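> coords below, sequence missing:
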Ligand code: DC
């Protein structure tokens with residue numbers, strides 16, 4: 001993580017790419033691993049739909065940090081679902097799935113929520129029918145619900161009247177699925193995420209201008225698709241809000257937005273920003289799934305922004321970004337002209353009108369044209385109320401303007417940002433809080449001084465069954481910190497003694513030389529701890545063997561053993577941070593840990609969790625009571641034992657996890673740590 005250098009943030013994964021990865025993964029031959037999947041409504045609806053088609057999808061219900069795996073059965077291997085597939089509000093999911101379903105010998109009904117059920121489907125239905133699929137509307141013509149009957153298809157060339165990535169993708173997927181060549185021509189280039197992903201999976205897609213049409217051709221469909229192994233890149237259209245925030249801030253340290261998708265059909269804003277005088281440095285980070293990814297680094301510009309002219313061919317490549325250009329224009333020197341953007345009048349709102357009304361209300365001079373705006377920039381203080389017109393991009397663009405120097409804006413409907421960017425306001429607040437010179441919020445622990453290069457230690461302890469292991473590991477993953485599982489070290493000593501000639505007999509008599517001979521060591525891979533015994537890595541299962549579990553508490557009560565492990569545990573504090581889990585972390589090992597947390601929960605809830613951990617499905621009340629009684633005894637022993645009793649470290653924050661699920665527990669701790677970071681991550 002970037003420390004004194006500036007702020008580092010992440011934005012949610014790109015939904016367009018996520019939808020494609022879920023659907024193409026379900027057509028592949030073998031298991032795909034897809035990391036950083038945004039857990040929003042649209043991807044979830046699509047994932048549920050492919051699962052209903054008999055494809056095994058794992059990892060979606062977790063805390064949101066683990067990768068999703070999809071066991072693709074191969075082309076044309078989906079099975080008849082029990083009922084209709086509900087795509088909720090996912091237009092991309094519906095249209096891409098329709099293409100893929102056209103090639104499956106099934107009859108599948110697709111439906112959606114009220115808003116999706118208004119959106120036109122005939123544009124994809126027509127080419128799929130021409131290929132030989134049946135598409136029937138079960139309600140009103142042209143809209144969901146519709147039934148797709150698929151099977152054997154024939155080759156087509158489709159000439160689209162308008163450029164549409166969804167129509168193009170549906171035809172490509174039908175061609176891939178049915179094994180027939182297809183060609184799609186469009187008046188200009190639409191987004192090419194599907195083409196890139198198909199190529200990464202082994203298909204050959206030829207693209208180029210043919211006369212005045214852009215042609216995308218699948219001449220020789222492959223017999224199988226290779227599975228994917230990729231992380232979903234951050235959404236460029238979300239990243240730009242923080243680029244704009246940095247550009248408007250004055251005296252700002254650099255802001256780096258990590259792992260953003262840089263597909264050239266999406267990044268048309270970058271040259272416009274350059275003309276405005278905003279330097280965005282692009283640091284490439286590979287091309288997983290065929291999608292170029294990079295970090296974007298921007299240095300604050302503040303008052304030095306220049307007005308620009310935007311129009312013509314460049315508008316399709318930045319159509320979603322016009323609101324952010326408009327708010328930057330309000331602070332730029334001169335008159336900015338945006339033309340050729342009539343399409344903005346039929347987005348989530350009439351965006352041209354929404355921009356004009358709001359900017360004028362706060363005192364910016366704006367002229368509105370049928371296809372654009374003229375905005376005269378001003379350095380005057382801007383204040384007032386912003387009307388969002390149910391449009392997430394309007395809300396977020398003005399949110400960024402409102403967070404810039406000299407502005408005081410009240411956004412009337414901030415919740416609408418959730419549509420594309422859940423957590424936007426929290427991230428904006430955090431980023432503001434961490435900017436140089438910002439006063440800490442009342443009641444907050446002051447941030448580490450800029451440039452401080454120290455390892456931040458979070459000590460986590462807690463009673464048995466309070467959820468500490470899972471939570472400590474999840475907190476470490478969220479923050480990019482190491483996770484020290486100190487219990488595993490005591491287990492390693494126990495196992496090593498058991499494996500040695502000496503054994504565990506009279507462990508209280510163990511000598512320093514005998515402990516040295518065990519050569520307990522630690523290795524770190526991406527923040528995960530691995531234990532070595534006599535130079536050899538030990539698998540987790542070995543540390544959890546019953547014979548180890550039954551002896552470890554005795555071994556861990558031997559003072560010499562505790563001393564022996566002290567330095568090894570302290571050596572774990574390296575890099576940006578460490579989450580150290582175990583009973584004496586905040587008292588003995590890291591008494592000056594920046595954050596100390598003590599997790600607790602009501603005893604019956606802890607008992608229930610322990611039973612679940614042991615594989616019980618729905619423990620009966622009596623079982624829970626019996627386990628609670630055992631725990632009570634153990635608590636008493638734990639808190640009164642002479643060596644390393646389980647006591648709460650001074651200054652530790654108690655977190656009652658009774659009502660919190662694992663992601664909730666993680667969030668509470670992450671919030672305690674954030675003020676210590678000069679760097680911010682969004683997950
Ligand atoms: O968390 P665990 O079950 O892996 O811990 C194994 C044993 O080690 C348990 O009896 C508690 C003890 N322990 C300890 O004494 N001090 C620590 N810092 C961590 C664990």
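Sure thing, it's come through. Please read all numbers here as calculations on a predicted model, not as lab measurements.
> what about the helices in the stretch 151-300 of the chain?
Secondary structure of the stretch 151-300 of the chain (DSSP state H, counting those that start in this stretch): helices located at 165-178, 193-200, 236-248, 269-276.
> to the ligand, which of these lies closest?
helix 236-248 (38.8 Å; Cβ to the nearest ligand atom). Glycine gets a C-beta too; all of them are placed from N, C-alpha and C.
> tell me which strands and helices the closest one is in contact with?
For helix 236-248, the packing partners by 3 or more Cβ pairs under 8 Å, 6 or more residues apart in numbering; DSSP states H and E come out as strand 255-261, helix 269-276, strand 293-298, helix 322-329, helix 392-402, helix 424-433.
> in JSON lines: those, plus mean neighbour count.
Shown next, in JSON lines, are the helices and strands packed on helix 236-248 (neighbours: other Cβ atoms under 10 Å):
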{"stretch": "strand 255-261", "mean neighbour count": "25"}
{"stretch": "helix 269-276", "mean neighbour count": "20"}
{"stretch": "strand 293-298", "mean neighbour count": "22"}
{"stretch": "helix 322-329", "mean neighbour count": "27"}
{"stretch": "helix 392-402", "mean neighbour count": "26"}
{"stretch": "helix 424-433", "mean neighbour count": "18"}
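> as JSON lines, these with distance to the ligand would be great.
Listed next are the helices and strands packed on helix 236-248 as JSON lines, based on distance: least, Cβ to the nearest ligand atom, whole Å:
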{"stretch": "strand 255-261", "distance to the ligand": "33"}
{"stretch": "helix 269-276", "distance to the ligand": "49"}
{"stretch": "strand 293-298", "distance to the ligand": "37"}
{"stretch": "helix 322-329", "distance to the ligand": "48"}
{"stretch": "helix 392-402", "distance to the ligand": "43"}
{"stretch": "helix 424-433", "distance to the ligand": "32"}
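> residue 493: which of those is closest?
Nearest to residue 493 among these is strand 255-261; the distance by Cβ to Cβ comes to 38.6 Å.
> thinking residue 529 is in contact with residue 487, fair?
No. The criterion here is Cβ atoms under 8 Å, and residue 529 misses it with residue 487 at 11.1 Å.
> how close does residue 666 get to residue 553?
27 Å (Cβ to Cβ, to the nearest Å).
> so between these two, which is more surrounded?
The neighbour comparison of residue 666 against residue 553 (other Cβ atoms under 10 Å) goes to residue 666, with 26 against 14.
> now do the contacts for that one.
Residues in contact with residue 666 (Cβ atoms under 8 Å, 6 or more residues apart in numbering) are 63, 471, 474-475, 478.
> residue 133 now?
By Cβ under 8 Å, 6+ apart, the contact list for residue 133 reads 101-103, 148-151, 153, 174.
> filter the residues you listed down to just the buried residues.
101-103, 148-150, 153, 174 (16 or more other Cβ atoms under 10 Å).
> out of the residues you listed, what pair is the most spread apart?
Every pair of the buried ones among the contacts of residue 133 checked by Cβ to Cβ; the farthest is 149 and 174, at 12.7 Å.
> and the helices in the stretch 351-500 of the chain?
Under DSSP H, counting those that start in this stretch, the stretch 351-500 of the chain gives helices at 351-361, 392-402, 424-433, 468-479, 486-499.
> nearest spatial neighbour of the residue in the stretch 551-683 of the chain positioned nearest to the ligand, skipping sequence neighbours?
With Cβ to the nearest ligand atom as the measure, residue 582 is the residue of the stretch 551-683 of the chain nearest to the ligand, at 2.7 Å. Nearest residue to residue 582, sequence neighbours excluded (Cβ to Cβ, 6 or more residues apart in numbering): residue 486, at 3.2 Å.
> what parts of the protein come near the ligand?
Within the chain, the positions adjacent to the ligand are 486-488, 490-491, 552-553, 556, 582-584, 644 by Cβ under 6 Å from any ligand atom.
> would a markdown table of these with distance to residue 130 and pLDDT be doable?
Formatted as a markdown table, the residues of the chain next to the ligand follow (distance: Cβ to Cβ, whole Å; pLDDT from 0 to 100):
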| residue | distance to residue 130 | pLDDT |
| --- | --- | --- |
| 486 | 65 | 96 |
| 487 | 63 | 95 |
| 488 | 61 | 96 |
| 490 | 68 | 97 |
| 491 | 64 | 96 |
| 552 | 68 | 93 |
| 553 | 71 | 89 |
| 556 | 71 | 94 |
| 582 | 65 | 94 |
| 583 | 69 | 90 |
| 584 | 71 | 92 |
| 644 | 74 | 83 |
